[in-house]
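Colleague: 3D model of this:
(one chain, ligands or ions: 1)
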Amino acid sequence: MNDEIYGPATWIIDAIRRSLKGEHAQHVKARLAEQDLSPSAVVEPLPLRLPATRYLPECVAASMFMSPDVAAALAEVEEFLHWRQNPNYSDALLGAGYMDNYAYTEIIGPNGFFAGDDFLMGLLLLGPGVHYRDHHHAAPELYWLLTGPSEWRRGNGDFEMHEAGDVIWHEPHVVHATRTGASPLLAVWAWTRDVSEPARLAEVP
Ligand SMILES: [Fe+2]
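Modeller: Presented below is the predicted three-dimensional model:
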């Protein structure tokens, strides 16, 4: 067991578990309870920062207002995180500057602190003025917004404004999109099953 990692890793997971509320959060917590989060299962991620992580300090500071517990845990765990991007995404597909303003990390998952059993949980960072356009995946997905505001839509619906603290749920294969305004977005996300199929951008009509 790696003592240096186990403490921060379990702190952030427990902080998220304590703070998540609502019907869909219960489903995420039930799946979380099925994961092996024992000391012998912890792994040390290969720390990796990306251009979008320049927004992390600002987002962690903003999340203090919403969940001091999670914000403090984030500050503790930040140095260990392995940030990544969907390899199928590019500026050509998502717009100039997108890849410098987008990154995600796994807390539970192949690049996180615990491998996870058909379950992923992590963080998403989007810079200001970003449009993460329509995409879909097989996994049911929960987002819990740590900063705000940001705009979200499902299917052909209109974009709706959401604030820090909101929980957003996407059923399997539902097309969804996110837009940020003046502020960067930091959100917790979880995929509760069918995680091996990556997110794919919807065809542009
Ligand atoms: Fe998604």
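Colleague: what's the span of stretch 121-135, first residue to last?
Modeller: End-to-end distance for stretch 121-135, by CA to CA, to the nearest Å: 18 Å.
Colleague: distance check, the residue nearest the centre of the chain against Ser40.
Modeller: The centroid of the chain falls nearest to Leu123 when counting by CA atoms, centre = their mean (2.8 Å). Per CB to CB, to the nearest Å, Leu123 is found 25 Å from Ser40. Every residue, glycine included, has its C-beta placed from N, CA and C.
Colleague: same thing with Pro128?
Modeller: In terms of CB to CB, Pro128 sits 42 Å off from Ser40.
Colleague: which one's more surrounded, the two?
Modeller: Legend: neighbour count by other CB atoms under 10 Å for Pro128 and Ser40, higher for Pro128 (13 against 7).
Colleague: phi, psi for that one please.
Modeller: Here the main-chain torsion angles of Pro128 (degrees, to the nearest 10) amount to phi -70, psi 150.
Colleague: contacting residues for the nearest residue to the residue nearest to the centre of the chain once chain neighbours are set aside?
Modeller: Leaving aside its sequence neighbours, Leu123 sits nearest to Thr105 (CB to CB, 6 or more residues apart in numbering; 5.1 Å). Applying CB atoms under 8 Å, 6 or more residues apart in numbering, we find Thr105 in contact with 81-84, 111-112, 122-123.
Colleague: show the pLDDT at Thr105.
Modeller: Note on Thr105: pLDDT of 98.
Colleague: and what of Glu79?
Modeller: In this prediction Glu79 is given a pLDDT of 94.
Colleague: so who does the nearest residue to it once chain neighbours are set aside touch?
Modeller: Using CB to CB, 6+ apart and skipping the chain neighbours, the partner closest in space to Glu79 is Pro47 (6.4 Å). By CB under 8 Å, 6+ apart, the contact list for Pro47 reads 79-82.
Colleague: which of these fall in strands?
Modeller: Members of the contacts of Pro47 lying in strands (criterion: DSSP state E): none.
Colleague: just the buried residues of these.
Modeller: Buried members of those, scored by 16 or more other CB atoms under 10 Å, are 80-82.
Colleague: dump those residues into a markdown table; add distance to Ala73 as well.
Modeller: Converted to a markdown table, the buried ones among the contacts of Pro47 look like this (distance: CB to CB, whole Å):
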| residue | distance to Ala73 |
| --- | --- |
| Phe80 | 12 |
| Leu81 | 12 |
| His82 | 17 |
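Colleague: of those, which is the nearest to Thr10?
Modeller: Relative to Thr10, the closest of those is Phe80; by CB to CB it sits at 12.5 Å.
Colleague: please tell me how far the closest one sits from Leu48.
Modeller: Per CB to CB, Phe80 is found 10 Å from Leu48.
Colleague: what touches both of those two?
Modeller: Both Phe80 and Leu48 lack any common contact, where contact means CB under 8 Å, 6+ apart.
Colleague: output stretch 80-93 as PDB, nothing but the C-alphas.
Modeller: Extracted as PDB, the C-alpha positions of stretch 80-93 are listed here (Å, rounded to 0.1, in the frame of the first residue of the first chain):
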ATOM      1  CA  PHE A  80      -1.200  13.300  -8.100                       C
ATOM      2  CA  LEU A  81      -3.800  13.700 -10.900                       C
ATOM      3  CA  HIS A  82      -3.300  12.300 -14.400                       C
ATOM      4  CA  TRP A  83      -5.200  14.600 -16.700                       C
ATOM      5  CA  ARG A  84      -6.100  13.300 -20.200                       C
ATOM      6  CA  GLN A  85      -8.200  13.900 -23.300                       C
ATOM      7  CA  ASN A  86     -10.400  11.800 -25.500                       C
ATOM      8  CA  PRO A  87      -8.000  10.700 -28.300                       C
ATOM      9  CA  ASN A  88     -10.800  11.100 -30.800                       C
ATOM     10  CA  TYR A  89     -11.200  14.800 -30.100                       C
ATOM     11  CA  SER A  90      -9.300  17.600 -31.900                       C
ATOM     12  CA  ASP A  91      -9.500  21.400 -32.600                       C
ATOM     13  CA  ALA A  92     -10.500  20.400 -36.100                       C
ATOM     14  CA  LEU A  93     -13.600  18.700 -34.700                       C
END
